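Participant: With the sequence up front, the predicted model follows.
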Amino acid sequence: MKRTALITGATSGIGRATAHQFAKHGINLILCGRRQQRLDSIQNALSRETDIHTLNFDVRDREATLKAIASIPSEFKNIDILINNAGNAHGLDPIETGNLDDWDAMIDINVKGLLYVSKAIIPGMTKRKSGHIINIGSSAGKEVYPKGNVYCGSKHAVLAITEGMRVDLNPYGIKVSAINPGLVETEFSEVRFKGDPIADNVYKGYKALQAEDVAEVIHFAVTRPAHVNIADVLMFCTAQASSTIVKKEL
Ligand code: NDP
Ligand code: 8X3
């Protein structure tokens, strides 16, 4: 029986690579994001490999999130795998000059958005007494780096929520995992630096993780036997030793 996965943030980076990886292995997909054209083109590209449904909503909007998930057609309704991936950093400023809109965005998307999506999907999993939730955290959820303040706080929250989910959903046999990457070359820095060319330098001088590297680990986690849960993964590129130590050759 084919499994069904819902992936948030499937229009780019880690989410899109995970969609490709899952499609290759015949997992049905519900792909979520705000950029409809991207959703359409990914659906076109992958529909030869698996069944795809797309949902366009902003995870910050509680009503829109619940409504979108309630609208999922019956053939996709039994969601076996939830990949809570939508998220970004917004800005890189010391706390004393941080921007309130950036703080709202990071808390509302990375933390509250993850909760809204989970709230809509968990009841189906508890009813069926099965499921797997993977939250995409970050190395920023395990350590705090200069100017990372609120982004790091949002990812520490993701890690705490992941652990809370694992505890509370344990009686239902639901797996809960956190995959925590370090630097991954995606649109992440374009978003963080709002189009400033400084973003071009973030991945220069070393080979950062690629979205596909993370997608492979996510796929590994969802293909373990029923008795195995990959609870928590921290993954770096070889050049990275911690949030602040990256060996660059420039
Ligand atoms: P990208 O910017 O490439 O992708 C972010 C995805 O999130 C997009 O698909 C975007 O879709 C979606 N998204 C953003 N805001 C919203 C929103 N308000 N509502 C719905 N969807 C939204 O970044 P990554 O792939 O790198 O990031 C994915 C996750 O990985 C994030 O949680 C990030 O924090 C985490 N991460 C990234 C690392 C990195 O170095 N790149 C390292 C560690 C963790 P759309 O714009 O279409 O809505
Ligand atoms: C993204 C990686 O180091 O920019 O979570 O925080 S980092």
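Facilitator: Received it, and whenever you're ready, just let me know what you need. Numbers count the residues shown, from 1 in each chain. Ligands and ions are numbered 1, 2, ... in the order given.
Participant: residues near residue 83, how many?
Facilitator: Summarising burial for residue 83: neighbours were counted as other C-beta atoms under 10 Å, giving 30. To be clear about C-beta, it is placed using only N, CA and C from the backbone, and glycine gets the same treatment.
Participant: ranges for the helices of this protein?
Facilitator: Assigned helices in the chain, in chain order: 13-24, 36-46, 62-70, 100-106, 114-128, 149-169, 188-192, 211-222 (criterion: DSSP state H).
Participant: ranking these by burial, who's on top?
Facilitator: helix 13-24 (a mean of 24; mean count of other C-beta atoms under 10 Å).
Participant: quick one: is it near ligand 1?
Facilitator: Yes - using C-beta under 6 Å from any ligand atom, helix 13-24 reaches ligand 1 at 13-15.
Participant: Looking at residue 1 now. What's its pLDDT?
Facilitator: Looking at residue 1, its pLDDT stands at 86.
Participant: ok so, going back, redo the helices of the chain as CSV? Include mean pLDDT.
Facilitator: Conversion of the helices of the chain to CSV gives the following (pLDDT from 0 to 100):
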stretch, mean pLDDT
helix 13-24, 98
helix 36-46, 98
helix 62-70, 98
helix 100-106, 98
helix 114-128, 98
helix 149-169, 99
helix 188-192, 98
helix 211-222, 99
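Participant: got a markdown table for the ones you listed, with distance to residue 237 too?
Facilitator: Supplementary listing: those in a markdown table, determined by distance: least, C-beta to C-beta, whole Å:
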| stretch | distance to residue 237 |
| --- | --- |
| helix 13-24 | 14 |
| helix 36-46 | 25 |
| helix 62-70 | 33 |
| helix 100-106 | 23 |
| helix 114-128 | 25 |
| helix 149-169 | 18 |
| helix 188-192 | 14 |
| helix 211-222 | 8 |
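Participant: now these as JSON lines including distance to ligand 2?
Facilitator: Compiled in JSON lines, the helices of the chain are given as follows (distance: least, C-beta to the nearest ligand atom, whole Å):
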{"stretch": "helix 13-24", "distance to ligand 2": "10"}
{"stretch": "helix 36-46", "distance to ligand 2": "21"}
{"stretch": "helix 62-70", "distance to ligand 2": "22"}
{"stretch": "helix 100-106", "distance to ligand 2": "11"}
{"stretch": "helix 114-128", "distance to ligand 2": "14"}
{"stretch": "helix 149-169", "distance to ligand 2": "6"}
{"stretch": "helix 188-192", "distance to ligand 2": "6"}
{"stretch": "helix 211-222", "distance to ligand 2": "11"}
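Participant: For residue 7, find the nearest of those helices.
Facilitator: Nearest to residue 7, of all the helices of the chain, is helix 13-24, at 5.1 Å by C-beta to C-beta.
Participant: now for that closest one, which elements pack on it?
Facilitator: Packing partners of helix 13-24 (3 or more C-beta pairs under 8 Å, 6 or more residues apart in numbering; DSSP states H and E): strand 4-7, strand 28-33, helix 36-46, helix 211-222.
Participant: What's the nearest residue in this protein when you look at ligand 1?
Facilitator: Taking C-beta to the nearest ligand atom, ligand 1 has its nearest neighbour within the chain at residue 13, 2.1 Å off.
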